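Participant: take a look and give me a structure for this.
(chains A, B and C)
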Amino acid sequence: MGRAPCCEKVGLKRGPWSFEEDQILIKFIQLNGHSNWRALPKKAGLLRCGKSCRLRWTNYLRPDIKRGDFTHEEEETIINLHQLLGNRWATIAARLPGRTDNEIKNVWHTHLKKRVNQNETPRDQTKPNQNDDNHFHDQPLCSLEIKSDGEENVDCCSKNNDDNDKNVRLVELAFIDDFLKNLLSEEEFFENEWNLEKDCIMIKDINQSPKKVEIPLCGEEISSCSSSENTDDIMDFWRNVFMRDGELQEINII
DNA sequence: AACGGGTCCAACCGCCGTGGA
DNA sequence: GTCCACGGCGGTTGGACCCGT
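Facilitator: Modelled structure (predicted):
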(Lines give C-alpha, C1' and ligand atoms only; values in the text may rest on other atoms or scores of the structure.)
Protein backbone atom coordinates (compact mmCIF):
# COMPACT_ATOMS: atom_id res chain seq x y z
CA MET A 1 0.00 0.00 0.00
CA GLY A 2 1.36 3.34 -1.00
CA ARG A 3 1.72 6.45 0.98
CA ALA A 4 -1.54 8.16 1.80
CA PRO A 5 -2.24 11.23 -0.31
CA CYS A 6 -1.40 14.57 1.25
CA CYS A 7 -5.09 15.37 1.40
CA GLU A 8 -8.43 14.04 0.37
CA LYS A 9 -8.45 14.71 -3.36
CA VAL A 10 -12.03 13.68 -4.10
CA GLY A 11 -14.07 16.74 -4.92
CA LEU A 12 -11.12 19.07 -4.87
CA LYS A 13 -10.38 21.38 -7.75
CA ARG A 14 -7.10 21.11 -9.61
CA GLY A 15 -5.36 23.01 -12.37
CA PRO A 16 -5.01 26.74 -12.87
CA TRP A 17 -6.32 29.07 -10.20
CA SER A 18 -9.16 31.45 -11.03
CA PHE A 19 -9.11 35.14 -10.10
CA GLU A 20 -11.86 34.51 -7.54
CA GLU A 21 -9.87 31.74 -5.87
CA ASP A 22 -6.83 33.98 -5.71
CA GLN A 23 -8.85 36.73 -4.05
CA ILE A 24 -10.29 34.33 -1.49
CA LEU A 25 -6.85 33.00 -0.62
CA ILE A 26 -5.28 36.47 -0.38
CA LYS A 27 -8.07 37.82 1.81
CA PHE A 28 -8.02 34.82 4.11
CA ILE A 29 -4.26 34.93 4.62
CA GLN A 30 -4.31 38.68 5.16
CA LEU A 31 -6.90 38.22 7.90
CA ASN A 32 -5.79 34.95 9.45
CA GLY A 33 -2.30 34.17 8.30
CA HIS A 34 -1.27 30.71 7.19
CA SER A 35 -0.35 28.82 10.31
CA ASN A 36 -1.97 25.60 9.09
CA TRP A 37 -2.03 25.02 5.35
CA ARG A 38 -3.94 21.77 5.63
CA ALA A 39 -6.83 23.39 7.40
CA LEU A 40 -6.68 26.62 5.43
CA PRO A 41 -8.73 25.70 2.33
CA LYS A 42 -11.62 24.41 4.41
CA LYS A 43 -11.65 27.50 6.60
CA ALA A 44 -11.29 29.80 3.60
CA GLY A 45 -13.96 27.96 1.60
CA LEU A 46 -11.63 26.85 -1.16
CA LEU A 47 -11.99 23.52 -2.95
CA ARG A 48 -8.22 23.05 -3.05
CA CYS A 49 -5.78 21.01 -1.05
CA GLY A 50 -3.52 22.77 1.42
CA LYS A 51 -0.44 22.09 -0.61
CA SER A 52 -1.96 23.70 -3.65
CA CYS A 53 -2.85 26.77 -1.58
CA ARG A 54 0.66 27.01 -0.16
CA LEU A 55 2.21 26.72 -3.60
CA ARG A 56 -0.10 29.32 -5.08
CA TRP A 57 0.66 31.73 -2.26
CA THR A 58 4.43 31.25 -2.11
CA ASN A 59 4.99 31.18 -5.87
CA TYR A 60 2.48 33.71 -7.08
CA LEU A 61 0.33 35.61 -4.61
CA ARG A 62 2.82 36.66 -1.93
CA PRO A 63 3.00 40.46 -1.87
CA ASP A 64 6.80 40.52 -2.04
CA ILE A 65 6.98 38.49 -5.24
CA LYS A 66 8.94 40.26 -7.95
CA ARG A 67 7.36 39.73 -11.36
CA GLY A 68 8.91 40.22 -14.74
CA ASP A 69 12.12 39.29 -16.48
CA PHE A 70 15.25 38.47 -14.58
CA THR A 71 17.94 41.14 -14.70
CA HIS A 72 21.38 40.33 -15.99
CA GLU A 73 22.71 40.53 -12.42
CA GLU A 74 20.08 38.09 -11.19
CA GLU A 75 20.92 35.67 -13.98
CA GLU A 76 24.62 35.89 -13.21
CA THR A 77 23.89 35.28 -9.54
CA ILE A 78 21.86 32.19 -10.40
CA ILE A 79 24.58 30.84 -12.67
CA ASN A 80 27.30 31.41 -10.09
CA LEU A 81 25.32 29.97 -7.21
CA HIS A 82 24.19 27.01 -9.25
CA GLN A 83 27.79 26.26 -10.12
CA LEU A 84 28.54 26.15 -6.41
CA LEU A 85 25.36 24.77 -4.89
CA GLY A 86 23.84 22.62 -7.60
CA ASN A 87 20.06 22.28 -7.82
CA ARG A 88 19.42 23.78 -4.41
CA TRP A 89 16.86 26.19 -5.75
CA ALA A 90 15.54 27.30 -2.39
CA THR A 91 19.02 28.31 -1.23
CA ILE A 92 19.63 30.14 -4.47
CA ALA A 93 16.23 31.84 -4.19
CA ALA A 94 17.20 33.11 -0.75
CA ARG A 95 19.88 35.23 -2.45
CA LEU A 96 17.32 36.75 -4.80
CA PRO A 97 14.62 38.53 -2.79
CA GLY A 98 11.26 38.41 -4.51
CA ARG A 99 12.15 35.44 -6.65
CA THR A 100 10.84 31.97 -5.91
CA ASP A 101 12.63 28.66 -6.15
CA ASN A 102 10.12 27.54 -8.77
CA GLU A 103 10.78 30.60 -10.90
CA ILE A 104 14.53 30.19 -10.63
CA LYS A 105 14.25 26.52 -11.47
CA ASN A 106 12.22 27.38 -14.56
CA VAL A 107 14.56 30.12 -15.76
CA TRP A 108 17.51 27.81 -15.26
CA HIS A 109 16.02 25.01 -17.32
CA THR A 110 14.68 27.30 -20.07
CA HIS A 111 17.50 29.85 -20.46
CA LEU A 112 20.51 29.64 -18.24
CA LYS A 113 21.43 25.97 -18.61
CA LYS A 114 21.76 26.40 -22.36
CA ARG A 115 23.78 29.56 -21.96
CA VAL A 116 26.16 27.91 -19.51
CA ASN A 117 26.59 24.90 -21.79
CA GLN A 118 27.32 27.15 -24.76
CA ASN A 119 29.85 29.23 -22.83
CA GLU A 120 31.79 26.25 -21.60
CA THR A 121 35.45 26.50 -22.55
CA PRO A 122 37.83 23.57 -23.15
CA ARG A 123 39.63 24.59 -19.96
CA ASP A 124 36.43 24.24 -17.97
CA GLN A 125 35.77 20.86 -19.49
CA THR A 126 39.05 19.56 -18.18
CA LYS A 127 37.86 20.09 -14.63
CA PRO A 128 36.35 17.02 -13.00
CA ASN A 129 32.57 16.90 -12.56
CA GLN A 130 32.16 20.25 -14.24
CA ASN A 131 28.73 19.33 -15.55
CA ASP A 132 27.62 17.49 -12.49
CA ASP A 133 24.97 19.33 -10.52
CA ASN A 134 26.45 18.01 -7.33
CA HIS A 135 30.11 18.64 -8.06
CA PHE A 136 30.12 21.24 -5.32
CA HIS A 137 29.89 18.46 -2.81
CA ASP A 138 33.02 16.86 -4.16
CA GLN A 139 35.14 19.71 -2.94
CA PRO A 140 35.96 19.96 0.74
CA LEU A 141 35.45 23.68 1.14
CA CYS A 142 35.07 23.68 4.87
CA SER A 143 36.37 21.71 7.77
CA LEU A 144 35.57 21.43 11.43
CA GLU A 145 38.20 20.51 13.94
CA ILE A 146 37.22 19.11 17.31
CA LYS A 147 40.21 19.16 19.61
CA SER A 148 40.67 16.75 22.45
CA ASP A 149 39.88 19.43 25.03
CA GLY A 150 36.52 20.00 23.40
CA GLU A 151 37.51 23.19 21.68
CA GLU A 152 36.17 23.36 18.16
CA ASN A 153 37.38 25.32 15.22
CA VAL A 154 35.29 25.82 12.10
CA ASP A 155 37.59 26.61 9.25
CA CYS A 156 35.22 28.33 6.88
CA CYS A 157 36.18 27.97 3.24
CA SER A 158 39.82 27.70 3.98
CA LYS A 159 40.50 25.47 1.04
CA ASN A 160 40.49 26.13 -2.66
CA ASN A 161 40.54 29.83 -2.07
CA ASP A 162 43.83 30.56 -3.70
CA ASP A 163 42.52 29.94 -7.18
CA ASN A 164 39.00 31.21 -6.94
CA ASP A 165 38.23 33.93 -4.42
CA LYS A 166 34.96 34.73 -6.09
CA ASN A 167 33.63 31.23 -5.61
CA VAL A 168 34.72 31.18 -2.00
CA ARG A 169 32.95 34.47 -1.42
CA LEU A 170 29.78 33.05 -2.89
CA VAL A 171 29.98 29.99 -0.71
CA GLU A 172 30.34 32.27 2.30
CA LEU A 173 27.30 34.24 1.22
CA ALA A 174 25.23 31.09 0.81
CA PHE A 175 26.15 29.97 4.30
CA ILE A 176 25.49 33.40 5.73
CA ASP A 177 22.00 33.40 4.28
CA ASP A 178 21.27 30.17 6.10
CA PHE A 179 22.90 31.57 9.20
CA LEU A 180 20.92 34.81 9.25
CA LYS A 181 17.66 33.10 8.42
CA ASN A 182 18.18 30.91 11.42
CA LEU A 183 18.54 33.97 13.60
CA LEU A 184 16.09 36.37 12.02
CA SER A 185 12.51 36.28 10.92
CA GLU A 186 11.88 36.38 7.18
CA GLU A 187 10.95 40.06 7.36
CA GLU A 188 14.06 40.92 9.34
CA PHE A 189 16.21 38.94 6.96
CA PHE A 190 15.09 40.88 3.92
CA GLU A 191 14.64 44.28 5.58
CA ASN A 192 17.82 44.52 7.57
CA GLU A 193 21.09 45.49 6.00
CA TRP A 194 24.04 43.25 6.55
CA ASN A 195 27.61 43.31 5.45
CA LEU A 196 30.29 40.71 5.31
CA GLU A 197 33.23 42.07 7.28
CA LYS A 198 36.63 40.51 7.60
CA ASP A 199 35.83 38.45 10.69
CA CYS A 200 32.12 38.86 11.20
CA ILE A 201 28.74 39.65 9.74
CA MET A 202 27.48 43.10 10.66
CA ILE A 203 23.70 43.42 10.80
CA LYS A 204 22.16 46.84 10.96
CA ASP A 205 18.68 46.49 12.40
CA ILE A 206 16.60 49.12 10.63
CA ASN A 207 13.92 48.94 13.27
CA GLN A 208 16.32 49.55 16.13
CA SER A 209 18.82 51.84 14.48
CA PRO A 210 21.69 52.27 15.15
CA LYS A 211 21.93 48.90 16.87
CA LYS A 212 24.35 46.57 15.23
CA VAL A 213 24.78 42.87 15.83
CA GLU A 214 28.11 41.24 15.21
CA ILE A 215 28.15 37.54 14.44
CA PRO A 216 31.56 35.94 14.07
CA LEU A 217 32.04 34.08 10.82
CA CYS A 218 34.47 31.49 12.03
CA GLY A 219 35.61 29.98 15.28
CA GLU A 220 37.79 32.93 16.04
CA GLU A 221 37.88 34.79 19.28
CA ILE A 222 34.67 36.64 19.98
CA SER A 223 35.47 39.97 21.51
CA SER A 224 32.74 42.38 20.54
CA CYS A 225 29.79 40.15 19.83
CA SER A 226 26.65 41.81 21.12
CA SER A 227 24.39 39.08 19.87
CA SER A 228 22.55 36.89 22.32
CA GLU A 229 24.22 33.88 20.75
CA ASN A 230 27.09 32.52 22.77
CA THR A 231 30.14 30.81 21.33
CA ASP A 232 28.77 27.31 21.74
CA ASP A 233 25.56 28.21 19.99
CA ILE A 234 27.43 29.70 17.09
CA MET A 235 29.75 26.73 16.78
CA ASP A 236 26.79 24.37 16.99
CA PHE A 237 25.00 26.33 14.33
CA TRP A 238 27.90 26.26 11.88
CA ARG A 239 28.46 22.58 12.49
CA ASN A 240 24.77 21.90 11.85
CA VAL A 241 24.81 24.00 8.69
CA PHE A 242 27.84 22.17 7.33
CA MET A 243 26.59 18.73 8.36
CA ARG A 244 23.16 19.38 6.94
CA ASP A 245 24.41 20.73 3.66
CA GLY A 246 26.96 17.97 3.20
CA GLU A 247 29.80 20.44 2.92
CA LEU A 248 31.52 19.11 6.03
CA GLN A 249 34.09 16.77 4.61
CA GLU A 250 36.39 16.44 7.54
CA ILE A 251 36.06 16.17 11.26
CA ASN A 252 39.56 16.15 12.63
CA ILE A 253 40.05 14.97 16.18
CA ILE A 254 43.32 16.49 17.32
C1' DA B 1 -5.24 30.16 -42.23
C1' DA B 2 -3.62 25.80 -40.60
C1' DC B 3 -0.40 22.87 -38.83
C1' DG B 4 3.43 21.10 -36.13
C1' DG B 5 7.33 21.52 -33.32
C1' DG B 6 9.51 24.08 -29.71
C1' DT B 7 9.32 26.90 -25.55
C1' DC B 8 7.64 28.52 -21.28
C1' DC B 9 5.83 28.28 -16.76
C1' DA B 10 2.22 27.28 -13.30
C1' DA B 11 0.96 23.45 -10.97
C1' DC B 12 1.35 18.80 -9.40
C1' DC B 13 3.77 14.74 -7.39
C1' DG B 14 6.40 12.27 -4.28
C1' DC B 15 10.08 12.22 -1.07
C1' DC B 16 12.35 13.96 3.02
C1' DG B 17 13.14 16.33 7.45
C1' DT B 18 11.14 17.93 11.57
C1' DG B 19 8.46 18.37 15.57
C1' DG B 20 4.85 16.96 18.52
C1' DA B 21 2.07 13.28 20.61
C1' DG C 1 11.76 5.08 20.31
C1' DT C 2 7.95 5.19 17.13
C1' DC C 3 4.35 7.11 14.56
C1' DC C 4 2.07 10.65 12.24
C1' DA C 5 0.99 15.19 10.38
C1' DC C 6 2.85 18.78 8.21
C1' DG C 7 5.75 21.95 5.54
C1' DG C 8 9.37 22.31 2.30
C1' DC C 9 11.91 20.92 -1.55
C1' DG C 10 13.31 19.36 -6.21
C1' DG C 11 11.74 16.85 -10.28
C1' DT C 12 8.32 16.50 -13.62
C1' DT C 13 4.26 17.43 -16.36
C1' DG C 14 0.79 19.37 -19.28
C1' DG C 15 -1.36 22.98 -21.45
C1' DA C 16 -0.96 27.59 -23.32
C1' DC C 17 1.61 30.19 -26.27
C1' DC C 18 4.96 31.30 -29.97
C1' DC C 19 7.02 30.88 -34.34
C1' DG C 20 8.37 29.07 -38.67
C1' DT C 21 6.68 26.74 -42.70
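Participant: how close does A:T91 sit to A:L47?
Facilitator: 34 Å (C-beta to C-beta, to the nearest Å). Placement of C-beta: from N, CA and C, glycine included.
Participant: ah, wrong one, I meant A:P97
Facilitator: As it turns out, when the distance is counted by C-beta to C-beta, A:P97 lies 33 Å from A:L47.
Participant: next one: A:I104
Facilitator: Computed as C-beta to C-beta, the A:I104 to A:L47 distance reads 30 Å.
Participant: likewise for A:V107?
Facilitator: As defined by C-beta to C-beta, A:V107 lies at a distance of 31 Å from A:L47.
Participant: A:I65 now?
Facilitator: Applying C-beta to C-beta, the value for A:I65 to A:L47 is 24 Å.
Participant: just A:G11 next, same as before
Facilitator: 7 Å.
Participant: between the two, which has more neighbouring residues?
Facilitator: Between A:G11 and A:L47, counting by other C-beta atoms under 10 Å, A:L47 is the more crowded of the two (12 against 6).
Participant: nearest residue to the more buried one in space, please, no chain neighbours.
Facilitator: Closest residue in space to A:L47, ignoring its immediate chain neighbours: A:K13 at 4.5 Å, by C-beta to C-beta, 6 or more residues apart in numbering.
Participant: name the element the one you found belongs to?
Facilitator: When secondary structure is defined using DSSP states H and E, no element contains A:K13, which sits outside every helix and strand.
Participant: report how many residues lie close to it.
Facilitator: Residues within reach of A:K13, counting by other C-beta under 10 Å, total 14.
Participant: interface residues of chain A facing DNA strand C?
Facilitator: Along chain A, the residues adjacent to DNA strand C under the rule C-beta under 7 Å from any atom of the strand are A:4, A:6, A:35-39, A:50-51, A:54, A:58, A:87-91, A:101-102, A:105-106, A:109, A:133.
Participant: are any of those buried, and which?
Facilitator: Applying 16 or more other C-beta atoms under 10 Å to the residues of chain A next to DNA strand C, the neighbour count classes A:37, A:50, A:54, A:88-89, A:91, A:101, A:105 as buried.
Participant: show me the shaky parts of chain A.
Facilitator: Regions of chain A meeting the criterion pLDDT under 70 cover residues A:1-10, A:118-254.
Participant: try it again at 50.
Facilitator: Residue ranges of chain A with pLDDT under 50: A:1-5, A:121-171, A:196-200, A:205-254.
Participant: counting only helices, which of the residues of chain A next to DNA strand C make the cut?
Facilitator: With helices defined by DSSP state H, the entries of the residues of chain A next to DNA strand C inside them are A:50-51, A:54, A:89-91, A:101-102, A:105-106.
Participant: closest to A:I26 among those residues?
Facilitator: Sorting those by distance to A:I26 puts A:R54 at the head of the list, at 13.5 Å, by C-beta to C-beta.
Participant: what sits against that closest one?
Facilitator: With C-beta atoms under 8 Å, 6 or more residues apart in numbering as the criterion, the residues that contact A:R54 are A:34, A:37.
Participant: how about A:F70, phi and psi?
Facilitator: Dihedral angles phi and psi of A:F70 (degrees, to the nearest 10) take the values phi -70, psi 140.
Participant: oh, that last question was meant for A:G86, not what I typed.
Facilitator: Dihedral angles for A:G86 - degrees, to the nearest 10 - are phi 70, psi -150.
Participant: neighbours around A:R95, how many?
Facilitator: Neighbourhood size, A:R95 [other C-beta under 10 Å]: 19.
Participant: can you name the two of the ones in helices among the residues of chain A next to DNA strand C that are farthest apart?
Facilitator: By the measure C-beta to C-beta, A:G50 and A:T91 form the most distant pair in those, at 24.3 Å.
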